[in-house]
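> Quick one, fold the following:
(one chain, ligands or ions: 2)
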Amino acid sequence: MNGNFNTVNSFHSLKCPTCNGDCILPARKLLDDILGMYMACGSCPPDPVFSKNIPLSNNIDDHTGLCPECKKRHLDFVMGNVLTILKEKGLFPRDALLREVGTPLISFGYQIPYPPRLGSKDIVLIMDSITKDIAEEIIKKVPEIKGVIKRKGLQSQSIGILDTDSSPHTYELLSGCDMRCDVILSLFGELCIYKNQSRIHIEFNNTKIKKMEELYLRGELENAVVVDGFCGPGTLGLLSVLGGARKVILNDAWLPALRNTILNIKVNSSLLGINMVFENQDHNELIGDEPLLLAKATGKSEVMVYHGDIRKLDMVVKESDICIIDTFPSINPARFMGACKDLSKKLVII
Ligand SMILES: [Zn+2]
Ligand SMILES: [Zn+2]
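Residues are numbered from 1 along each chain as shown. Ligands and ions are numbered 1, 2, ... in the order given. Sure thing, here's the model as predicted:
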């Protein structure tokens with residue numbers, strides 16, 4: 001009883017670590033709400049008919065396209081509102097197109113079969129050409145935009161670190177908050193994975209979930225000891241917990257990813273049946289080397305979070321059943337396979 005009580009309490013105190021606001025919903029609450037979150041109400045105006053290839057002729061402000069009842073609006077009005085500001089400020093030419101504004105990411109990512117109707121702070125916007133002043137103006141004037149991120153480097157370049165001796169590649173959060181969540185759906189349950197989008201690689205990839213489902217269906221996760229060697233915000237390791245693993249070791253060399261992993265353990269703790277029993281909040285080396293225990297959770301499964309180089313993880317992990325390797329698309333996993341083979345009976349490259 002006591003444990004449950006504490007769990008419920010910690011839900012209410014989960015403030016966003018980036019902005020201290022209400023960006024974090026506990027997983028159960030989010031999963032209850034997500035289906036209706038972006039749905040049009042009975043009074044919502046029909047979808048606008050902007051062409052993505054013809055310049056917008058009208059100026060769009062924060063009232064344009066707004067539903068009188070639910071106060072939400074279609075994505076095109078939100079992006080049109082941003083484009084109007086970009087043109088007023090002279091950053092974009094008068095004939096700029098809606099699709100040139102940037103990449104909008106919905107705050108709670110979920111496959112919805114209809115165009116989303118958006119309310120306050122529902123979009124994190126990634127842009128190529130933007131200044132800090134104008135980013136602040138967008139946050140002030142477009143209520144649906146929660147954060148503005150400036151992309152650096154090529155679109156194909158992964159965010160984070162490729163290797164422990166490379167310098168980190170991150171995007172720049174210019175204004176607002178970049179914390180967003182992806183709802184992960186699998187055969188054996190759902191998870192809500194939060195991430196600081198300017199510091200974590202953007203993924204739209206269901207094949208990883210499919211590979212986890214294959215492991216699950218073959219009974220390989222049940223009661224297993226699993227190492228998630230490049231865990232990022234924790235998706236595959238925490239799926240292993242859902243899938244019945246007895247012990248899961250999550251490791252990454254990139255500290256911002258692990259801070260998200262720890263948040264995700266807390267957010268999903270009632271779905272996972274585990275509670276945090278140890279957390280090192282003071283450690284602040286960005287890139288790990290020898291493994292350092294950052295957090296531990298226990299319950300249905302034992303979960304350890306390590307900050308370190310995968311090639312040194314054998315200092316703390318003596319044996320495991322499965323080692324999952326999920327590196328960036330540009331990295332050949334072969335260079336880490338030797339280290340992982342020493343850790344584990346089976347390697348799974350995702
Ligand atoms: Zn926030
Ligand atoms: Zn409405």
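
> count of residues packed around the residue in the stretch 151-300 of the chain that ligand 1 sits nearest to?
Here the stretch 151-300 of the chain gets closest to ligand 1 at one residue, C177, 3.3 Å apart by Cβ to the ion. No exception for glycine: its C-beta is placed from N, CA and C like everyone else's. By other Cβ atoms under 10 Å, 22 other residues sit near C177.

> Is it correct that it is in contact with C16?
Yes: counting by Cβ atoms under 8 Å, C177 touches C16, with 6.3 Å between them.

> Mind listing the shared neighbours of those two?
Residues touching both C177 and C16 (Cβ atoms under 8 Å, 6 or more residues apart in numbering) are C23.

> follow-up on the earlier one: how about the contacts made by the residue of the stretch 151-300 of the chain closest to ligand 1?
C16, T18, C19, G21, C23, K121, V124, K146, G147.

> Quick one: mark the members of the residues you listed that sit in strands.
The members of these that map onto strands under DSSP state E are V124, K146, G147.

> is the most centrally placed residue in the chain in a bridge, and if so with what?
Geometric centre of the chain, nearest residue: K195, 3.3 Å, by Cα atoms, centre = their mean. In this structure, K195 bridges to R180 when assessed by DSSP bridges.

> how far away is it from ligand 2?
Counting by Cβ to the ion, to the nearest Å, the gap between K195 and ligand 2 amounts to 29 Å.

> what does P329 give?
If you go by Cβ to the ion, the gap between P329 and ligand 2 works out to 39 Å.

> Give me the three-state assignment for that residue.
Here P329 is recorded as coil under DSSP: H, G, I helix; E, B strand; the rest coil.

> What's the per-residue pLDDT of the nearest residue to it once chain neighbours are set aside here?
Excluding the flanking residues, the one nearest P329 by Cβ to Cβ, 6 or more residues apart in numbering is S158, at 7.0 Å. Here the pLDDT value assigned to S158 is 78.

> just the one 10 residues further on next, same as before
The model reports P168 with a pLDDT of 80.

> Quick one: neighbours of the residue nearest to it when sequence neighbours are not counted, just the number.
Excluding the flanking residues, the one nearest P168 by Cβ to Cβ, 6+ apart is I161, at 4.8 Å. Using other Cβ under 10 Å, I161 is surrounded by 22 other residues.

> Looks like I161 contacts H307 (just checking).
No: here I161 lies out of contact with H307, judged by Cβ under 8 Å, at a distance of 11.9 Å.

> intersection of neighbour lists for those two?
A253.

> residues near the nearest residue to the residue of the stretch 151-300 of the chain closest to ligand 1 once chain neighbours are set aside, how many?
Nearest residue to C177 in three dimensions, chain neighbours excluded: C19, at 3.8 Å (Cβ to Cβ, 6+ apart). Per other Cβ under 10 Å, the neighbour tally for C19 reads 16.
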